[in-house]
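S.K.: missing the sequence, but the structure's below:
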């Protein structure tokens, strides 16, 4: 929108129209009035709302039609241009030229640029997915003809970025259903157990709902509890939390239940903020990190960094980095002191852990031991804000499936639990705060949590 406005302005001046002011130099030398600034900001917000209304921020992974996307863009640019012209007439604002040429140029340029950018992005994502990146791991419920057709469609359209992990059905013998297709990995009764322990981003239900409605409802509920996207190739199930939308996959209509659908349009901004802010922080604190590394090396034997496998987005495992705060055999000594655990639930925490080194105690109290997680954020395993990533041992101790919904978002360095009381908060309340963060997530909430984290860290309250 900004580029289109600037281009239309330059074109108007190059045509030597009756612009106000008289020339480009005079225009650039003008002071921007507060009222004009408010109008510009208001129009930018309106433009964003139009993009939201026509679902142009929504993932179109299953949308094949480029013409449909172009038509939606033209709707936005046309309505936006008409509203801009109407506001100019109503408020008596001169838009560079007094005739309609500026608005026509703005409409043409904004339409062409927006369509071109979206098509280029679609092509880039298509190529990335064909090379095995940005894949969604999908589990198909059912082995009927429709289920097999869906699987073949997904495999034939590699640019969609779907990796079929297997099928779920009651009648199977462990053999591949057809050439090139994966095997049945679980029966319907074992579905919950399978998604607890495997990476699954989406589930496509292809069973006949008329005869298996109760079973399909149980599958949908299990997915909702763990934050897994559900797609239905049949009648709609009434979800308790997720929102329903229709997608297309070839000639098939697919119903999607996704409790984070309205938030997806902003996830790109969250990732940009994570990357940019992490780079800036890393540049500023590199001398501090070097000093910490030297202190650890000089005061205790062993590596500088502590690396541990953690559970991340949709149960993806990754290696988390922290400054080492314990003796090197801390993991082996855990069994000796496990009876001293002061935390509720499956997590292990004690205030005076004998395995912590003197330097490590200071690092934990000040949260400086968390600094290497900046590298996890840069890699994309973590975010700056999100539910804390738990060790495999703690995750395996979860007793309630709704606890696992915290894995439907990328884990973070800080979160609501961190700013509300850290280790002093009971496990159940900790989980509830994670659910609150997921349900109420926004960019503004992330910023508030980051700001609130600073005084909490400086006080060292609740840190073990």
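M.R.: Yep, it's here. From a predicted model like this one, the values you see are computed outputs, not experimental measurements. Numbers count the residues shown, from 1 in each chain.
S.K.: let me see the ranges of the helices in the stretch 301-450 of the chain.
M.R.: 330-337, 358-366, 373-379, 392-396, 416-420, 427-439, 443-459 (DSSP state H, counting those that start in this stretch).
S.K.: with the stretch 1-150 of the chain instead?
M.R.: 2-14, 24-29, 34-53, 66-90, 101-130, 145-156.
S.K.: still on that earlier bit, reformat the helices of the stretch 301-450 of the chain as a markdown table; add mean pLDDT, mean neighbour count and distance to residue 285.
M.R.: Every residue, glycine included, has its C-beta placed from N, CA and C. Output for those, formatted as a markdown table (pLDDT from 0 to 100; neighbours: other Cβ atoms under 10 Å; distance: least, Cβ to Cβ, whole Å):
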| stretch | mean pLDDT | mean neighbour count | distance to residue 285 |
| --- | --- | --- | --- |
| helix 330-337 | 78 | 13 | 25 |
| helix 358-366 | 90 | 18 | 12 |
| helix 373-379 | 95 | 19 | 8 |
| helix 392-396 | 88 | 15 | 28 |
| helix 416-420 | 84 | 22 | 18 |
| helix 427-439 | 89 | 17 | 25 |
| helix 443-459 | 87 | 15 | 13 |
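S.K.: about what we covered before: adding mean neighbour count, mean pLDDT and distance to residue 303, write the helices of the stretch 1-150 of the chain out as JSON lines.
M.R.: Below are the helices of the stretch 1-150 of the chain laid out as JSON lines (neighbours: other Cβ atoms under 10 Å; pLDDT from 0 to 100; distance: least, Cβ to Cβ, whole Å):
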{"stretch": "helix 2-14", "mean neighbour count": "17", "mean pLDDT": "63", "distance to residue 303": "49"}
{"stretch": "helix 24-29", "mean neighbour count": "11", "mean pLDDT": "48", "distance to residue 303": "57"}
{"stretch": "helix 34-53", "mean neighbour count": "13", "mean pLDDT": "73", "distance to residue 303": "47"}
{"stretch": "helix 66-90", "mean neighbour count": "16", "mean pLDDT": "82", "distance to residue 303": "50"}
{"stretch": "helix 101-130", "mean neighbour count": "16", "mean pLDDT": "84", "distance to residue 303": "35"}
{"stretch": "helix 145-156", "mean neighbour count": "17", "mean pLDDT": "88", "distance to residue 303": "43"}
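S.K.: which one, of these, ends up nearest to residue 389?
M.R.: Within the helices of the stretch 1-150 of the chain, the stretch nearest residue 389 is helix 101-130; the backing value is 25.2 Å (Cβ to Cβ).
S.K.: tell me how this structure divides into domains.
M.R.: Following automatic domain parsing, one finds the domains of the chain at 2-130, 136-259, 265-459.
S.K.: where does the prediction get shaky in the stretch 101-250 of the chain?
M.R.: Counting by pLDDT under 70, the stretch 101-250 of the chain contains low-confidence residues at 172-177, 234-244.
S.K.: if we use 80, what do you get?
M.R.: Where the stretch 101-250 of the chain drops to pLDDT under 80, the residues are 101-103, 171-180, 208-212, 234-250.
S.K.: show me the strands in it, by range?
M.R.: 136-141, 162-168, 184-186, 202-205, 229-232, 243-249 (DSSP state E, counting those that start in this stretch).
S.K.: how about TSV for those strands, with distance to residue 76 and mean neighbour count added?
M.R.: Shown next, in TSV, are these (distance: least, Cβ to Cβ, whole Å; neighbours: other Cβ atoms under 10 Å):
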stretch	distance to residue 76	mean neighbour count
strand 136-141	27	23
strand 162-168	28	21
strand 184-186	43	20
strand 202-205	28	24
strand 229-232	26	24
strand 243-249	19	15
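S.K.: so which of those is nearest residue 327?
M.R.: strand 136-141 (38.1 Å).
S.K.: just the angle between the closest one and strand 162-168, please?
M.R.: Using axes from the mean of the first three to the mean of the last three Cα atoms, to 10 degrees, the direction of strand 136-141 lies 30 degrees away from that of strand 162-168.
S.K.: by contact count, what packs against strand 136-141?
M.R.: Counting contacts by 3 or more Cβ pairs under 8 Å, 6 or more residues apart in numbering; DSSP states H and E, strand 136-141 packs against helix 145-156, strand 162-168, helix 191-197, strand 202-205.
S.K.: at 6 Å what do you get?
M.R.: Secondary-structure packing of strand 136-141 (3 or more Cβ pairs under 6 Å, 6 or more residues apart in numbering; DSSP states H and E): strand 162-168, strand 202-205.
S.K.: in its sheet, what does it sit against?
M.R.: The strands beside strand 136-141 in its sheet (DSSP bridges) come out as strand 162-168 (parallel), strand 202-205 (parallel).
S.K.: JSON lines please, covering the ones you listed and showing distance to residue 381.
M.R.: Below are the strands paired with strand 136-141 laid out as JSON lines (distance: least, Cβ to Cβ, whole Å):
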{"stretch": "strand 162-168", "distance to residue 381": "19"}
{"stretch": "strand 202-205", "distance to residue 381": "20"}
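S.K.: and the helices and strands packed on strand 136-141: which comes nearest residue 190?
M.R.: strand 162-168 (7.8 Å).
S.K.: so what touches the closest one?
M.R.: 135-141, 143, 151, 154, 182-186, 191 (Cβ atoms under 6 Å, 6 or more residues apart in numbering).
S.K.: now find how far off-centre stretch 122-140 is within its chain.
M.R.: Distance of stretch 122-140 from the chain centroid (Cα atoms, centre = their mean, to the nearest Å) equals 16 Å.
S.K.: what does stretch 376-394 give?
M.R.: Using Cα atoms, centre = their mean, the offset of stretch 376-394 from its chain centre is 13 Å.
S.K.: hmm, who's touching it?
M.R.: For stretch 376-394, contacts defined as Cβ under 6 Å, 6+ apart pick out 274, 278, 309-312, 318, 320, 346-347, 406, 409-415, 434, 446, 449.
S.K.: from residue 48, how far out is the most centrally placed residue in the chain?
M.R.: Centroid-nearest residue in the chain: residue 267, 4.7 Å away (criterion: Cα atoms, centre = their mean). In this view, residue 267 and residue 48 are 15 Å apart by Cβ to Cβ, to the nearest Å.
S.K.: same check, this time on residue 226
M.R.: 32 Å.
S.K.: residue 322 too?
M.R.: 39 Å.
S.K.: same check on residue 305?
M.R.: 42 Å.
S.K.: what's the angle from the lengthiest helix in the chain to helix 358-366?
M.R.: The longest helix of the chain (DSSP state H) is helix 267-299. Interaxial angle of helix 267-299 relative to helix 358-366 (the same axes, to 10 degrees): 150 degrees.
S.K.: buried stuff in helix 267-299?
M.R.: Applying a neighbour-count criterion of 16 or more other Cβ atoms under 10 Å, one finds 267, 270, 273, 274, 278, 282, 289, 292, 295, 296 buried in helix 267-299.
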